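*Asks:* have a look; sequence and predicted model below, questions after that.
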Amino acid sequence: MSTFSDNYSTAVATLGTLGDSRDGKQVLMCIPFYLVVPSTPGTAPVFNLGDKVPAGFKPRLVVALTDGLPASGGVGLTLAIGDAGSAARLMSAQDFDAAASFVGLDAAGYDYEYTADTQIIGTVNSSKTPVTGQHVFGFILGSPRKAT
C-alpha cells in the first residue's frame, strides 16, 4: 500500500513540482494525522503521527485535538509535536489532560523547510503514561517546495 508521501515524492520526481506558481502563489498541502494510543504505551512514549512530510515542505499551521490522554484530568500530561531533530518544532508541549485542542505553530517551525521526507512525531512528557485507546488527531497545513 502506498502512502501519501510515496505518491507525492513520485509525482514531484516525475513532474518537477506540484506547487501552483501562477502569480507567485502556491496551493497549500494538508497532511492529516490520527493516533489511537496503543496497548501498554509505557511512560513518556513517542508516537509516529501520520505520513511523513515531504522534502521541501514548509509548515504553516498545526491543528491538534484530543479526547484527553490520561485516566483523569489535572495530572499534567503534555504532548509536543515535532520531528526527530526537534520534538517540539511544530507544537510546544500542550496540556492534553482532558478534551482539548491546539491551533497554531511553534516559533521554531515558522518558515522551517524540511530537507528530506520526515516522520512527524508526538512526544508525551516524561513520567506520564497515556491511556490505551485515547486519541490525538488533526492536520498540518503547509506549502510544498516552491515551484521552479
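*Replies:* Here it is on my side, so go on.
*Asks:* ok, the residue most central in space within the chain - contacts?
*Replies:* Taking C-alpha atoms, centre = their mean, the centroid of the chain lies closest to I120, which sits 4.8 Å from it. By C-beta atoms under 8 Å, 6 or more residues apart in numbering, the contact list for I120 reads 31, 33, 48-50, 52-53, 81-83, 90, 140. For glycine as for every other residue, the C-beta is placed from the backbone atoms N, C-alpha and C.
*Asks:* how close does it get to G109?
*Replies:* Counting by C-beta to C-beta, to the nearest Å, the gap from I120 to G109 is 11 Å.
*Asks:* now do the shared contacts for those two.
*Replies:* Common neighbours of I120 and G109 (C-beta under 8 Å, 6+ apart) are 82, 90.
*Asks:* now the strands for this structure?
*Replies:* For the chain, the strands defined by DSSP state E occupy 29-36, 46-48, 58-67, 78-82, 91-95, 99-104, 121-124, 135-143.
*Asks:* which neighbouring elements make contact with the fourth one?
*Replies:* With contacts defined as 3 or more C-beta pairs under 8 Å, 6 or more residues apart in numbering; DSSP states H and E, strand 78-82 has these neighbours: strand 58-67, strand 91-95, strand 121-124.
*Asks:* could you redo the last one with a cut-off of 7 Å?
*Replies:* Here strand 78-82 touches strand 91-95, strand 121-124, going by 3 or more C-beta pairs under 7 Å, 6 or more residues apart in numbering; DSSP states H and E.
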